[in-house]
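any chance you could fold what I've pasted below:
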Amino acid sequence: MKYIIGVDIGTSGTKAIAFTIDGTVLYSSHISYETISLHQGENEIDPEVLLDATVKTIARVFEKTGSKKSCVGISFSCAMHSLLVIDKNTKPLTNVITWADLRSKDYAKKLRDTPEGEKIYWHTGTPVHAMTPLCKLMWMKDHQPKIFHKAHKFISIKEYIWFRFFEKFQVDYSIASGTGLFDIRLFKWYKDALEMAGITEDILSTPVTTLHIETNLVKKYQNKMNLPDGLPFVIGGSDGVLANLGSGAIEPGELALTIGTSGAVRMTSPSPQHDAKKRIFNYILTENLYVSGGPANNGGNVIKWYVDNFMKKSKSRKDDLSKYLKEVADIPPGSNGLIFLPYVFGERAPVWDADAKGVFLRIQSNHTAQHFLRAVMEGVNLSLYEIGLSVEETIGPAKEIYASGGFIQSKLWLQMIADIFNKKVRVMNVADASAIGAAALGLLALGNISNLEQIKKMIKVTHTYNPNKKNRTAYMKNYSTFSQLYGILKGYM
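The predicted structure follows:
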């Protein structure tokens, strides 16, 4: 059976899967790693750790799947918004600065609502925020001028790995569209943004389509991964857009919702969809397909934050978060009026404010630790619902939700989403939506499928959750207050 290897390079781990043309996952491999945060607002990763994880996961999957003749190629998904500085000898001058790094937040705040910021948002499709390489470069120019002026290239995680593999500085349209530096309609670097960042086009990689293929793998890495000569590598796209593809949400009205460490709500569209309120992004999947939506900083990480700090934990063993989620099943929807604004880690969509904070409201004497935990879950979900409303307002109504990410292991959480959004939630039989999406895009690039709609035949719905109207009424009662909290409290944050 022919298969392709899909690789998803994230900021907490890298995963590779062997995915057959009929939609079966043969084998997968995952390597986790830690981020570096020595000072307030920092979030970095050693680029060699990322490269090593990519090489090892590919090698393990290729070894386990057996026949070399059956592998048609390798295709990539990768986290967005990263920045790495390379010198003229192609050596890293910095660690990878990830999307979660907030050191440029003051630059983003100053630029966001200016006429220049409006133009950048319209042309690049990326909301002005500290996550973007645009703002990171503005910060670096002032705070790390020696590194900034010594740079030969400013690149991302995937560009670094791609360069090591093929000795070419190339960036796919999808990763480029998350930089705040790339014109998503003209498919080229946006001059005004480059000028604002203080750079020129030659210091960036050459943009290529997400279907771009290379075959001349550097011998060193071919040997490390034990790959055959001439095996095609497809550059692929970003994790967000490929999660839509990998979960099957590629038709109008199909809303993809992901909750892992963070969260996101996205919908595909044949063209960029401009949001006058600057709440949503527009990222490129292919030259005629875009993914529009909003990312949330606060997802499973907020649940972990609450459990680690406020729940009684066993000293004899490592507690599983799912155990605590089950404890809140007896707490009624709406948490007896307790409301949580979940911006513990700042926030991207829909408020795009790195200084946003978390808030509990309406605390009463009858509220227990379980009430608080349920309110935290509901707060994360209400925030995603607010993003979903902005997507629908900009693109059009959503008919149903396709769920992916670690949270799909919790039936309670999935039912909450169905109730709050008042839509069916479909859960697919995919191991990892972004890696599956990378595999599907690779199959298209290599001619093994003729269109992306065929991915729907490869992915099966395993569970469907239908909304409960009574529960929704309780959630919406809280949402009427929740939706006003940030606007009222912003000045105190």
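
can you give the domain ranges for the chain?
Per automatic domain parsing, the structural domains of the chain span 3-241, 248-428+460-492.

including distance to residue 450, mean pLDDT and mean neighbour count, could the ones you listed go into TSV?
Just so you know, the C-beta spots here come from the backbone N, C-alpha and C atoms, and that holds for glycine as well. Formatted as TSV, these follow (distance: least, C-beta to C-beta, whole Å; pLDDT from 0 to 100; neighbours: other C-beta atoms under 10 Å):
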stretch	distance to residue 450	mean pLDDT	mean neighbour count
domain 3-241	12	97	20
domain 248-428+460-492	13	93	19
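
quick one: closest of those domains to residue 441.
Residue 441 sits nearest to domain 3-241 of all these, at 5.5 Å, using C-beta to C-beta.

coming back round to it: out of the domains of the chain, nearest to residue 442?
Per C-beta to C-beta, nearest to residue 442 of the domains of the chain: domain 3-241, 2.7 Å.

between the two ends of that closest one, how far is it?
Domain 3-241 has an end-to-end distance of 22 Å (C-alpha to C-alpha, to the nearest Å).

with stretch 92-108 instead?
25 Å.

cool, and stretch 421-434?
Using C-alpha to C-alpha, the two ends of stretch 421-434 sit 23 Å apart.

begin at 49, not 1, for the rest of this chat.
Sure, I'll start counting at 49 from here, so that last one is stretch 469-482.

circling back: dump the domains of the chain to JSON lines, plus distance to residue 486.
Below are the domains of the chain laid out as JSON lines (distance: least, C-beta to C-beta, whole Å):
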{"stretch": "domain 51-289", "distance to residue 486": "4"}
{"stretch": "domain 296-476+508-540", "distance to residue 486": "12"}
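
quick one: closest of the ones you listed to residue 483.
domain 51-289 (4.1 Å).

the closest one: how far from the chain's middle?
12 Å (C-alpha atoms, centre = their mean, to the nearest Å).

got it, and stretch 466-481?
Offset of stretch 466-481 from its chain centre (C-alpha atoms, centre = their mean): 17 Å.

measure that stretch end to end?
OK, stretch 466-481 end separation, C-alpha to C-alpha: 20 Å.

same deal with stretch 393-401?
10 Å.

residues touching that stretch, excluding its own?
Residues outside stretch 393-401 that contact it (C-beta atoms under 8 Å, 6 or more residues apart in numbering) are 148, 150, 153, 156-157, 160, 175-177, 179, 313, 326-329, 341-346, 349-350, 391, 402-404, 431, 434-435, 438, 534, 538, 541.

ok so, going back, so for residue 487, which of the domains of the chain sits nearest?
Using C-beta to C-beta, the nearest of the domains of the chain to residue 487 is domain 51-289, at 3.2 Å.

quick one: list the elements packing against the longest helix along the chain.
For the chain, the helix that runs over the most residues, judged by DSSP state H, is helix 417-443. Applying 3 or more C-beta pairs under 8 Å, 6 or more residues apart in numbering; DSSP states H and E, one finds that helix 417-443 makes contact with strand 302-307, strand 311-317, strand 337-344, helix 348-358, helix 369-375, strand 387-390, helix 459-469, helix 517-537.

export these to a markdown table and tack on distance to residue 396?
Below are the helices and strands packed on helix 417-443 laid out as a markdown table (distance: least, C-beta to C-beta, whole Å):
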| stretch | distance to residue 396 |
| --- | --- |
| strand 302-307 | 13 |
| strand 311-317 | 9 |
| strand 337-344 | 5 |
| helix 348-358 | 13 |
| helix 369-375 | 23 |
| strand 387-390 | 12 |
| helix 459-469 | 19 |
| helix 517-537 | 13 |
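
between those, which gets nearest to residue 493?
Closest to residue 493 of the helices and strands packed on helix 417-443 is strand 337-344 (C-beta to C-beta; 13.8 Å).

ok, that closest one: who's next to it in the sheet?
Paired neighbours of strand 337-344 in the sheet (DSSP bridges): strand 311-317 (antiparallel), strand 329-334 (antiparallel).

could you export those as TSV, including distance to residue 241?
What follows is those, written out as TSV (distance: least, C-beta to C-beta, whole Å):
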stretch	distance to residue 241
strand 311-317	22
strand 329-334	15
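
of these, which approaches residue 208 most closely?
Closest among the strands paired with strand 337-344, using C-beta to C-beta: strand 329-334, at 20.1 Å.

circling back: what angle separates the helix or strand following the longest helix of the chain from strand 302-307?
On the C-terminal side of helix 417-443, the closest following helix or strand by DSSP states H and E is strand 448-452. Strand 448-452 and strand 302-307 are oriented at 30 degrees to each other (axes from the mean of the first three to the mean of the last three C-alpha atoms, to 10 degrees).

strand 448-452 - contacts with which helices or strands?
Checked by 3+ C-beta pairs under 8 Å, 6+ apart, strand 448-452 has helix 287-295, strand 302-307, helix 459-469, strand 472-476 packed alongside it.

other SSEs contacting the third one?
It stands for helix 459-469. strand 302-307, helix 369-375, helix 417-443, strand 448-452, strand 472-476, strand 509-513, helix 517-537.

okay, now the sheet partners of the first one, with direction.
Using DSSP bridges, the strands paired with strand 302-307 in its sheet are strand 311-317 (antiparallel), strand 448-452 (parallel).

between the ones you listed, which gets nearest to residue 480?
Residue 480 lies closest, by C-beta to C-beta, to one member of the strands paired with strand 302-307: strand 448-452, at 8.0 Å.

report the angle between the axes of that closest one and strand 509-513?
Using the same axes, to 10 degrees: strand 448-452 against strand 509-513 is 120 degrees.

for the stretch 149-298 of the chain, which segments count as strands?
For the stretch 149-298 of the chain, the strands defined by DSSP state E, counting those that start in this stretch occupy 201-203, 218-220, 230-231, 236-237, 254-256, 261-262, 281-286.

to residue 246, which of these lies closest?
strand 201-203 (10.6 Å).

so which of the strands paired with strand 337-344 comes closest to residue 459?
Of the strands paired with strand 337-344, nearest to residue 459 by C-beta to C-beta is strand 311-317, at 17.9 Å.
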